[in-house]
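Q: with the sequence up front, the predicted model follows.
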Amino acid sequence: VIPLSLQRRVESLIQDHYDRALLRSDRTNAMLQGNSTSEDVKEIQPFANQGSLIDAHVMEKILYRKSFRMKNLQRTWQESPEGSKMLNFRKSLPAYREKERLLSAIAHNQVIVISGETGCGKTTQLPQYVLESEIESGRGAFCNIICTQPRRISAMSVAERVSTERGENLGESVGYKVRLEGMRGKDTHLLFCTSGILLRRLLGDRNLNGVTHVFVDEIHERGMNEDFLLIVLKDLLSRRKDLRLILMSATLNAELFSNYFGDAPTIHIPGFTYPVRTHFLEDILESTGYKLTSSNQLDDYGQDKLWKTQRQLMPRKRKNQITSLVEDALKISSFECYGSRTRDSLANWNPDCIGFNLIEAVLCHICRKERPGAVLVFMTGWDDISCLRDQLKAHPLLGDPNRVSLLTCHGSMATSEQKLIFERPPPNVRKIVLATNMAEASITINDIVFVVDCGKAKETTYDALNNTPCLLPSWISKASARQRRGRAGRVQPGECYNLYPRCVYEAFNEYQLPELLRTPLNSLCLQIKSLQLDSIGEFLSAALQPPEPLAVQNAVDFLKMIGALDENENLTNLGKFLSMLPVDPKLGKMLIMGAVFRCLDPILTVVSGLSARDPFLLPQDKKDLAGTAKSRFSAKDYSDHMALVRAYEGWKDAEREGTAYEYCWRNFLSAQTLQAIHTLRKQFGYILKDANLVDLDARTCNSLSHNQSLVRAIICSGLFPGIASVVHRESSMSFKTMDDGQVLLYANSVNAKYQTIPYPWLVFGEKVKMNTVFIRDSTGVSDSIVMLFGGALTKGEMAGHLKMLDGYIDLFMDPSLAECFVQLKEELDKLIQKK
Ligand code: CDP
Ligand code: MG
């Protein structure tokens with residue numbers, strides 16, 4: 001066991017060397033002295049801000065002339081035939097009736113809160129009203145309006161829509177800016193951006209100079225960034241009396257926000273929606289499920305006999321589809337498990353009960369029996385959506401493109417796909433959109449008549465006590481359920497199929513817990529620190545609903561553990577870099593380390609892989625084959641991360657040779673995910689470049705990429721404290737995490753097939769809590785790597801496992817780095833000998 005005092009000294013030694021390594025480059029120094037040239041920040045600086053460079057009087061003249069031009073342009077468009085047609089459409093939206101009231105409220109109050117049904121015209125109209133009225137009053141060039149969106153895709157699609165409504169191209173008076181992408185010009189006066197972008201802008205420009213109006217949209221979602229923004233903006237309002245803040249929300253929870261801003265006035269936009277009939281699971285089973293068992297529906301499933309014995313549980317071996325449909329129905333129809341209405345018992349309800357087959361059955365029912373109209377299916381996430389889509393594609397009716405147009409709607413979809421969602425399908429073709437909860441409020445599809453709701457959404461939940469984050473599907477709130485249902489009644493009376501029983505609905509929370517209260521605060525605390533606000537705790541206590549002190553403490557501890565904060569909670573050099581990267585601190589650290597230690601290529605792949613889905617497919621019926629295919633990439637590396645690096649590199653080669661398709665097929669790899677990883681790699685590369693950490697063109701950032709041990713060490717540096725010790729006992733192996741918890745390996749981890757692993761530690765990206773805790777992807781690492789790259793040293797029982805450094809120093813082939821670490825080893829050895 002290493003005594004604590006020694007640990008402390010080793011820790012400070014490592015930190016010291018680490019900081020020195022970071023400081024080595026001139027560019028690094030420039031960064032730390034604040035000469036940031038971050039593109040993101042530069043791009044969002046408003047035009048008016050550049051005025052300080054020119055004589056103020058001349059500037060004003062230029063702006064007045066520009067305003068005059070803007071007014072002429074706007075009038076010309078509004079008087080043109082297309083323009084007036086567009087204007088007529090816009091006048092039909094409920095928001096239009098409130099236009100004057102809204103504009104006058106905005107003029108007379110610093111803060112207002114606006115609520116209204118989704119689709120009533122908040123996002124596309126309100127910022128536009130302000131822009132139009134400013135232009136009309138001849139002050140167009142003086143206004144700078146920012147409207148934040150919680151998601152990239154809504155910022156982009158809304159900006160496009162608004163420019164169309166104004167008869168312009170995107171990037172003229174209306175633009176957008178999301179992370180790593182943007183379209184705005186010197187004439188842009190209305191900018192849609194993600195809330196993250198505005199926060200980053202506030203980092204560099206605390207007063208939001210030149211901005212006249214800030215709209216914060218979708219505040220009802222209570223995203224972390226939005227809650228964070230509100231704290232910062234509230235503080236800013238006292239300094240910028242001329243700034244206008246407009247909060248917009250879909251569901252009615254306006255008092256909360258109004259109270260937060262000292263009883264700011266609220267305006268509700270009344271909307272009209274058609275009634276929507278709700279069917280709960282019990283009704284569906286009666287009307288759909290059981291009908292499906294009668295003869296006319298059976299051909300699709302092929303085996304009618306099974307249905308006649310529907311009351312008996314089918315043996316699992318039977319044809320997959322049928323048995324699980326019956327099982328779904330049976331499991332779900334035995335409602336005992338919902339008996340108690342506490343959230344706990346709900347949490348234990350197996351979400352798999354909402355089988356795809358039930359959704360398939362409901363969709364079949366709609367397509368066969370119901371009137372025309374598009375269907376919107378709410379699912380939990382992209383994994384589910386893509387699996388269900390594949391299943392439906394194989395269905396004789398739902399997979400027939402002449403009868404059904406099957407589309408998906410999720411955060412990472414391409415723009416072309418996005419357009420299809422809004423288009424009307426040809427006559428006699430039914431549009432079915434499989435969507436995440438993104439379609440709940442931020443995107444409006446006009447022709448939806450039927451909604452199928454699985455009642456869950458993937459949300460990060462966070463248990464401060466156990467300090468484990470988990471991204472799990474959990475029950476939505478009543479407000480969300482109402483919102484989802486409402487999507488069916490926009491054009492005519494609609495139908496909503498809730499795939500859960502009424503008693504489950506009754507037990508839903510009224511509103512969803514704000515993200516601030518259910519996610520780890522690591523990233524947030526880092527940002528607060530770099531904003532040089534008060535102490536983290538004090539700052540967060542000003543939130544709408546402040547997080548628990550324990551959660552804040554955990555985040556601070558975590559940041560100390562990875563070396564982003566020092567003992568006194570001040571940002572270290574690493575911390576300063578991390579706060580500049582718009583990524584999770586863990587991933588950020590891995591990227592920085594990859595750049596510093598010049599093995600960027602493999603690290604970019606690993607980080608992208610950790611952010612994307614797993615590209616290794618695991619078909620139920622070919623698990624063994626798929627497992628073998630994956631382990632071909634691992635070559636005694638004892639590393640899933642290295643397997644990914646090899647698979648990705650193989651794919652790139654195959655692409656060059658035009659054999660990518662065969663390559664993926666042969667190796668059970670998802671081409672789509674590899675493509676996503678490829679895109680993410682580029683993005684992460686740009687992020688590093690943007691932060692001036694690497695020069696992507698230079699060979700130097702990869703001069704050590706071939707050094708396997710080094711790459712392993714860098715993976716460890718990012719994933720720590722995600723680490724488990726490997727305990728060999730007789731012929732079996734078990735794994736123990738830092739908090740002494742027992743964990744198991746995922747079946748498709750390359751490490752799961754070994755009897756022994758010649759490494760004392762496994763580092764891993766995430767723990768997933770199911771019945772037991774599993775670790776997904778892991779990499780074996782040695783003691784010395786853990787000591788040098790594992791952040792602060794481990795304490796207590798774990799420390800007993802740590803052997804001292806052995807001959808790992810030759811690892812660092814770059815002379816300057818090697819020097820640094822040879823020195824470190826000597827000092828370490830001395831310390832150990834003294835003991
Ligand atoms: O923000 P809110 O939900 O209140 O509505 P919105 O996004 O401003 O949309 C108002 C209306 O504009 C919708 O009802 C659609 O009819 C239309 N719209 C559209 O046609 N195409 C888009 N990309 C966005 C909105
Ligand atoms: Mg909206």
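A: Yep, it's here. Ligands and ions are numbered 1, 2, ... in the order given.
Q: now do the same contact list for Lys652.
A: His678 (CB atoms under 8 Å, 6 or more residues apart in numbering). (Each C-beta comes from the backbone N, C-alpha and C, glycine too.)
Q: for it, pull up the helix or strand it's in.
A: In this structure, Lys652 is located in helix 640-657 according to DSSP states H and E.
Q: just Ala479 next, same as before
A: Going by DSSP H and E, Ala479 is part of helix 478-486.
Q: so what touches that helix?
A: For helix 478-486, contacts defined as CB under 8 Å, 6+ apart pick out 117-118, 220, 250-251, 253, 273, 276, 278, 378, 437, 440-441, 451, 453, 455, 457, 476, 496, 498, 505, 508-512.
Q: coming back round to it: off-centre distance for the helix holding Lys652?
A: Here the centre of helix 640-657 is set off from its chain's centre by 25 Å, with CA atoms, centre = their mean, to the nearest Å.
Q: buried residues, it. List them.
A: Buried positions in helix 640-657, judged by neighbour count with 16 or more other CB atoms under 10 Å: 640-648, 650-651, 654-655.
Q: do stretch 418-425 as well
A: In stretch 418-425, counting by 16+ other CB under 10 Å, buried: Gln418, Leu420, Ile421, Pro425.
Q: repeat for stretch 751-763
A: Quick answer for stretch 751-763 (16+ other CB under 10 Å): Asn751, Tyr754, Ile757, Tyr759, Pro760, Trp761, Leu762, Val763.
Q: got it, and stretch 162-171?
A: Quick answer for stretch 162-171 (16+ other CB under 10 Å): Val162, Ser163, Glu165, Arg166, Gly167, Glu168, Leu170, Gly171.
Q: shaky segments in the stretch 651-800 of the chain?
A: Within the stretch 651-800 of the chain, the ranges that satisfy pLDDT under 70 run 695-699, 769-771, 784, 791-800.
Q: in it, what residue is nearest ligand 2?
A: Gln683 (26.1 Å; CB to the ion).
Q: tell me which element that residue is part of?
A: Using DSSP H and E, Gln683 maps to helix 671-690.
Q: just want the angle from the helix or strand following that helix to helix 640-657.
A: Scanning forward in sequence from helix 671-690 by DSSP H and E, the next helix or strand is helix 708-719. Put simply, helix 708-719 runs at 110 degrees to helix 640-657, going by axes from the mean of the first three to the mean of the last three CA atoms, to 10 degrees.
Q: packing partners for the helix or strand following helix 708-719?
A: Moving toward the C-terminus from helix 708-719, the next helix or strand (DSSP H and E) is strand 723-729. Applying 3 or more CB pairs under 8 Å, 6 or more residues apart in numbering; DSSP states H and E, we find strand 723-729 packed against strand 732-737, strand 761-764.
Q: redo those strands as TSV? Include distance to Leu199.
A: Shown next, in TSV, are these (distance: least, CB to CB, whole Å):
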stretch	distance to Leu199
strand 732-737	33
strand 761-764	30
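Q: mind checking which of these is nearest Lys431?
A: Of all those, strand 761-764 sits nearest to Lys431, with 41.6 Å by CB to CB.
Q: just the buried residues of stretch 493-510, please?
A: Quick answer for stretch 493-510 (16+ other CB under 10 Å): 494-505, 507-508.
Q: which of those residues sit farthest apart?
A: Between all members of the buried residues of stretch 493-510, the farthest pair (by CB to CB) comes out as Gly494 and Ala507, at 24.6 Å.
Q: quick one: the strands in the stretch 401-550 of the chain?
A: 404-409, 430-435, 448-453, 456-463, 468-475, 494-498 (DSSP state E, counting those that start in this stretch).
Q: which one, of these, ends up nearest to Asp283?
A: strand 494-498 (8.6 Å).
Q: parallel or antiparallel, list what pairs with that closest one.
A: Using DSSP bridges, the strands paired with strand 494-498 are strand 276-279 (parallel), strand 448-453 (parallel).
Q: for that strand, list the C-alpha coordinates in CSV.
A: Provided in CSV are the C-alpha atoms of strand 494-498 (Å, rounded to 0.1, in the frame of the first residue of the first chain):
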residue,chain,number,x,y,z
GLY,A,494,-56.2,12.9,-34.8
GLU,A,495,-55.5,9.6,-33.0
CYS,A,496,-52.9,8.9,-30.5
TYR,A,497,-51.8,5.4,-29.6
ASN,A,498,-50.0,5.2,-26.3
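Q: show the pLDDT at the residue of the stretch 451-600 of the chain found nearest ligand 1.
A: Residue nearest to ligand 1 within the stretch 451-600 of the chain: Arg490 (7.2 Å; CB to the nearest ligand atom). You'll see Arg490 listed with a pLDDT of 83.
Q: contact partners for whatever residue of the chain ends up closest to ligand 2?
A: The chain approaches ligand 2 most closely through Thr123 (3.3 Å), counting by CB to the ion. When the contact criterion is CB under 8 Å, 6+ apart, the partners of Thr123 are Cys147, Gln149, Ser154, Val158, Asp217, Met248, Ser442.
Q: and the second one, how many neighbours?
A: Gln149: 26 surrounding residues under other CB atoms under 10 Å.
Q: my guess is it contacts Gly196, does it?
A: No. The criterion here is CB atoms under 8 Å, and Gln149 misses it with Gly196 at 10.1 Å.
Q: next one: stretch 445-457 to chain centre, how far?
A: 21 Å.
Q: on that earlier part again, so which of the buried residues of helix 640-657 comes closest to ligand 1?
A: Nearest member of the buried residues of helix 640-657 to ligand 1, counting by CB to the nearest ligand atom, is Glu655, at 34.1 Å.
Q: export the top helix by length along the chain as CSV, just CAs?
A: If you go by DSSP state H, the chain has its longest helix at helix 56-79. C-alpha atoms of helix 56-79 as CSV (Å, rounded to 0.1, in the frame of the first residue of the first chain):
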residue,chain,number,x,y,z
ALA,A,56,-18.2,56.2,-34.6
HIS,A,57,-19.7,59.0,-36.6
VAL,A,58,-18.8,57.5,-39.9
MET,A,59,-20.0,54.2,-38.7
GLU,A,60,-23.4,55.5,-37.8
LYS,A,61,-23.7,57.0,-41.3
ILE,A,62,-22.9,53.7,-42.9
LEU,A,63,-25.4,51.9,-40.7
TYR,A,64,-28.2,54.4,-41.6
ARG,A,65,-27.5,54.0,-45.2
LYS,A,66,-27.5,50.2,-44.9
SER,A,67,-30.8,50.4,-42.9
PHE,A,68,-32.3,52.3,-45.7
ARG,A,69,-31.3,49.6,-48.2
MET,A,70,-32.6,46.9,-46.0
LYS,A,71,-36.0,48.6,-45.8
ASN,A,72,-36.2,48.9,-49.6
LEU,A,73,-35.3,45.3,-50.0
GLN,A,74,-37.9,44.1,-47.5
ARG,A,75,-40.7,46.2,-49.1
THR,A,76,-39.8,45.0,-52.6
TRP,A,77,-40.1,41.4,-51.4
GLN,A,78,-43.4,41.9,-49.5
GLU,A,79,-45.0,43.6,-52.5
